[in-house]
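**Student:** Sequence plus the predicted model coming up.
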Amino acid sequence: MSNNKVSIHTIIGNVIGNLGIRNVNNVIDDFARWAVDAEMKIGSEGAYRRFECELDIKERRACLPDNFITLIAVKKGANILDMSTQSFRLMNKGAETGVADSNSNFVSGNYQPFDPGAPNVLSTEFFGTYIGGEIINLTVSANRNGTISVNTFSYVVVGGDTLNDIALAFESQFMAVSNLGYSVVASGGVLNLTANDNLTTMQITPFTDSLGGTIEVKVLQNRRLPSSCNIEQGDNNTIKFQSNNLSELQLNNLNTGSSASGDNGVNFWGTAGAFTSFASKFTMENGYLYFNQLDDTKVGIAYWGVDLDEEGWPLINELHEDAVTHYLMYMYKARDYYAGKLPQNVYKEMQARWFWLCGQARGDDEMPGETELRQLSNMWAQVLPLRNKNFF
């Protein structure tokens, strides 16, 4: 199989010469499109090449490369992202869910919605065996609607401490600090942090120098924004509820939180002394990747694509030159056939010629090279029974 490439201009030159075309300015874009289409129809390994690159995510979407054909995988850091089968853009835009019955629903001039949203809930669980003198640190970053506070709590394990004793010790430290923006409850070796409101988000960074103990942090409930309301002018008693921001609301709920339908209860989580995982998902549509949780960052992408020259035109495998040339001729003359200007036997002959060359190109790609033949020969020799030297 050859990896050498031929310029699309060479292919177009072949078509011009074969058909005697004088001016291709009005069909050159069609030729380029048909050339890529021909490579896709040939469909063998030699038609494409494997690419890897980074994509910038802006407004929760990333534009696919110009030479993209088929997706292999999407990666964030050391984690492979899964493709979601759910839609997070075509959601119900909010039907009427309630009507204010009196002005008692207004506090300080602001309407209090029936759906207050859901607060962020994090779980820190201790595993394994800790011995006296080992250190455990929990650093909690809280974002309270733009106001960020960072607190680090440290505990030195006392000999004989159980996992629950460690959790209770941290609970006492948390409770000794006022105005954290979240509450803490310890039970059974688990420390749960619950935000005081739905505008607060938290992140826990655990650390331990223990040889036998680990710490796992999970998101039990992702923050969910409250529903907003539209008050029709002149009638404060008629209030319709709808999503404040459909993308933000539904993306935060996708596979997480109370409305999850997938990996319920787990968003993304990390461990100290163990391993790290990530559960963000994406969909692919109309040349873009859409992400449910990632924004203003980068992801890696592996994909099958076509080679492009410096001007952005596709490059063609040299073994496919004849096949792609005849496909362009076949597609170009199909216009005359459908217009009644080309005899059917000529059209069918061009079609059959393309089919034959397409199969020939696939066969050339699948034909083993010298190195591959040597490897196959060695494999075959290994499965043959050894000869008895006494018979020589």
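**Tutor:** Arrived safely.
**Student:** Quick one: residues contacting Val190.
**Tutor:** Contact partners of Val190, counting by C-beta atoms under 8 Å, 6 or more residues apart in numbering, are Ser123, Thr124, Glu125, Phe126, Ala167. (Each C-beta comes from the backbone N, C-alpha and C, glycine too.)
**Student:** For the second one, which three-state class applies?
**Tutor:** What it means is Thr124. strand (DSSP: H, G, I helix; E, B strand; the rest coil).
**Student:** That one is in contact with Val217, isn't it?
**Tutor:** Yes: using C-beta atoms under 8 Å, Thr124 is in contact with Val217, at 5.4 Å.
**Student:** shared neighbours of those two, which are they?
**Tutor:** With C-beta under 8 Å, 6+ apart, Thr124 and Val217 have common neighbours Ile204, Pro206.
**Student:** quick one on the thing from earlier: any of the contacts of Val190 buried? List them.
**Tutor:** Ser123, Thr124, Glu125, Phe126, Ala167 (16 or more other C-beta atoms under 10 Å).
**Student:** ok, so what distance separates the nearest residue to Ala167 once chain neighbours are set aside from Asn192?
**Tutor:** Leaving aside its sequence neighbours, Ala167 sits nearest to Ala186 (C-beta to C-beta, 6 or more residues apart in numbering; 3.9 Å). For Ala186, the distance to Asn192 equals 8 Å [C-beta to C-beta, to the nearest Å].
**Student:** So, low pLDDT: which residues of the stretch 201-350 of the chain?
**Tutor:** 224-279 (pLDDT under 70).
**Student:** hey, where'd the helices end up in it?
**Tutor:** With helices called from DSSP state H, counting those that start in this stretch, the stretch 201-350 of the chain shows them at 246-253, 321-338, 344-366.
**Student:** just checking, Asp161 touches Tyr130?
**Tutor:** Yes: using C-beta under 8 Å, Asp161 is in contact with Tyr130, at 6.3 Å.
**Student:** Neighbour count for the two, which is higher?
**Tutor:** Tyr130 (25 against 18; other C-beta atoms under 10 Å).
**Student:** picking that back up, surely the residue nearest to Ala167 meets Met175?
**Tutor:** No: at 9.8 Å, Ala186 does not count as touching Met175 under the criterion of C-beta under 8 Å.
**Student:** Neighbour count: these two, which is higher?
**Tutor:** Ala186 (21 against 13).
**Student:** you'd agree the more buried one is in a helix?
**Tutor:** No: Ala186: not assigned to a helix; according to three-state DSSP it is strand.
**Student:** Look up how far Tyr347 lies from it.
**Tutor:** From Ala186 to Tyr347 the distance is 79 Å (C-beta to C-beta).
**Student:** ditto for Gly189
**Tutor:** Taking C-beta to C-beta, one finds Gly189 at 77 Å from Tyr347.
**Student:** one step back: just the closest of the contacts of Val190 to Phe51, please.
**Tutor:** For the contacts of Val190, the residue nearest Phe51 by C-beta to C-beta is Ser123; the value is 39.9 Å.
**Student:** Would you mind measuring from the closest one to Val219?
**Tutor:** In terms of C-beta to C-beta, Ser123 sits 8 Å off from Val219.
**Student:** likewise Asp56?
**Tutor:** Taken as C-beta to C-beta, the span from Asp56 to Val219 is 25 Å.
**Student:** same question, Gln173
**Tutor:** In terms of C-beta to C-beta, Gln173 sits 22 Å off from Val219.
**Student:** And for Thr371?
**Tutor:** 50 Å.
**Student:** do Phe51 as well
**Tutor:** 34 Å.
**Student:** Pick out whichever of the two has more residues nearby.
**Tutor:** The neighbour count for Phe51 versus Val219, taken as other C-beta under 10 Å, is higher for Val219 (22 against 17).
**Student:** you'd agree that one is up against Leu122?
**Tutor:** Yes: if you go by C-beta under 8 Å, Val219 and Leu122 touch, sitting 6.0 Å apart.
**Student:** Now for the two: what residues contact both?
**Tutor:** Joint contacts of Val219 and Leu122 (C-beta under 8 Å, 6+ apart) do not exist.
**Student:** residue contacts, the spatially most central residue of the chain?
**Tutor:** Centroid check for the chain by C-alpha atoms, centre = their mean gives Phe282 as the closest residue, at 3.9 Å. Each residue near Phe282 by C-beta under 8 Å, 6+ apart is listed here: Val74, Leu81, Asp82, Met83, Ser84, Leu289, Tyr290, Phe291, Asn292, Leu294.
**Student:** and Ile136, what does it touch?
**Tutor:** 126, 130, 154-157, 166, 170, 206-208, 210, 213, 215.
**Student:** Weed out the non-buried ones from those residues.
**Tutor:** Buried, going by 16+ other C-beta under 10 Å: Phe126, Tyr130, Tyr155, Val157, Ile166, Phe170, Pro206, Thr208, Ser210, Gly213, Ile215, out of the contacts of Ile136.
**Student:** And what about the second one, helix, strand or coil?
**Tutor:** This points to Tyr130. coil.
**Student:** what sits against it?
**Tutor:** Contacts of Tyr130 by C-beta under 8 Å, 6+ apart are Ile136, Val157, Asp161, Leu163, Ile166, Thr208, Ser210, Gly212, Gly213.
**Student:** One more pass at 10 Å, please.
**Tutor:** 136, 155, 157-159, 161-163, 165-166, 208, 210-214 (C-beta atoms under 10 Å, 6 or more residues apart in numbering).
**Student:** how many other residues sit next to the nearest residue to Gly300 once chain neighbours are set aside?
**Tutor:** Closest residue to Gly300 apart from its sequence neighbours, by C-beta to C-beta, 6+ apart: Lys75 at 4.2 Å. If you count neighbours by other C-beta under 10 Å, Lys75 ends up with 16.
**Student:** which element is Lys75 on?
**Tutor:** strand 68-76 (DSSP states H and E).
**Student:** buried stuff in stretch 362-371?
**Tutor:** So for stretch 362-371, counting by 16+ other C-beta under 10 Å, buried means Arg362, Asp364, Asp365.
**Student:** thinking Val150 is in contact with Arg144, fair?
**Tutor:** No: Val150 is not in contact with Arg144 according to C-beta atoms under 10 Å; the separation is 11.9 Å.
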